[in-house]
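Q: Predicted structure and sequence below. I'll ask about it afterward.
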Amino acid sequence: MLISAEQIRRRVEELGEAIAKDHPDGDLCLIGVLKGSFMFLADLVRTVPRSLRLDFITAASYGASTQTSGEVRLLQDVALELSGRQVVVVEDIVDTGITLDYLLAHLRSKNPSSLRVAALLDKPARHRRDVPIDYVGFRIGDEFVVGYGLDLAEDYRQLPDIYVVAPRSAGA
């Protein structure tokens, strides 16, 4: 185990308070990047003590692999009108930054009044794109992690804690 459910709960509360403080009024929209952010987003929304709207966006760059392909595909776009709204993109993990960089450029084209990022996990050692992360839950090393919505080929999302996946030994 890398991060316990209790550590996650406390940090998500802090992030929700910070988002509310930075966005005291106006139209606030949280956009969850599916599928990995769904648990984080659900818990985060409950900690932001103000009215907000939710939407979702889906992009893919991993497939069944533990390594990004480097090519991002938009699978589902947001449905809400974002022009003039304060937008916070809610991401499970920022690894290389390639997917987030793509999504931010896409969302900027929709003319939000502000565009910020909340990421549960950040892996600075793996960044290949310089992307802004305004609200960071935890910075972690170069490990592949699962649990709390994060998966390995669609498995392990249901785990309440975050675990490091041990690399397979040669021949296994």
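A: Right, received. Where do you want to start? Bear in mind that the values here come from a model prediction, so they are computed numbers and not experimental data.
Q: Show me what the top helix by length along the chain is packed against.
A: The helix of greatest length in the chain, counted in residues with DSSP state H as the criterion, is given as helix 5-22. Secondary structure elements in contact with helix 5-22, counted by 3 or more CB pairs under 8 Å, 6 or more residues apart in numbering; DSSP states H and E, are helix 38-45, strand 114-122, strand 135-139. Heads up, the C-betas are built off the backbone N, CA and C, glycines and all.
Q: Adjacent strands (with direction) for the second one?
A: Pointing back at strand 114-122 there. According to DSSP bridges, strand 114-122 forms sheet pairs with strand 86-94 (parallel), strand 135-139 (parallel).
Q: Give me the residue at the spatial middle of this structure.
A: E91 (0.9 Å; CA atoms, centre = their mean).
Q: which residues does the residue nearest to that one when sequence neighbours are not counted contact?
A: Taking CB to CB, 6 or more residues apart in numbering as the measure, E91 lies nearest to A119, with 4.5 Å between them; neighbours along the chain are not counted. If you count contacts by CB atoms under 8 Å, 6 or more residues apart in numbering, A119 has them with V90, E91, D92, I93, V94, L100, I133, Y135, V136, G137.
Q: For the residues you listed, which two are the farthest from each other?
A: For the contacts of A119, the farthest-apart pair by CB to CB is L100 and G137; their separation is 14.5 Å.
Q: what ranges of this protein fall below the confidence cut-off?
A: Per-residue confidence for the chain (pLDDT under 70) gives these ranges: 62-69, 168-172.
Q: now do 50
A: Residues of the chain meeting the criterion pLDDT under 50: 169-172.
Q: on that earlier part again, other residues contacting the longest helix of the chain?
A: Contacts with helix 5-22, where a contact means CB under 8 Å, 6+ apart, come from 28, 30, 40, 43-50, 88, 116, 118, 120, 134-135, 137-138, 148, 160-162.
Q: Turn the buried ones among those residues into a named PyMOL selection, would you?
A: Written as a PyMOL command, the selection of buried residues from those, which uses 16 or more other CB atoms under 10 Å, is:
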select buried, resi 28+30+40+43+44+45+47+48+88+116+118+120+134+135+137+138+148+162
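Q: Many thanks, we can stop here.
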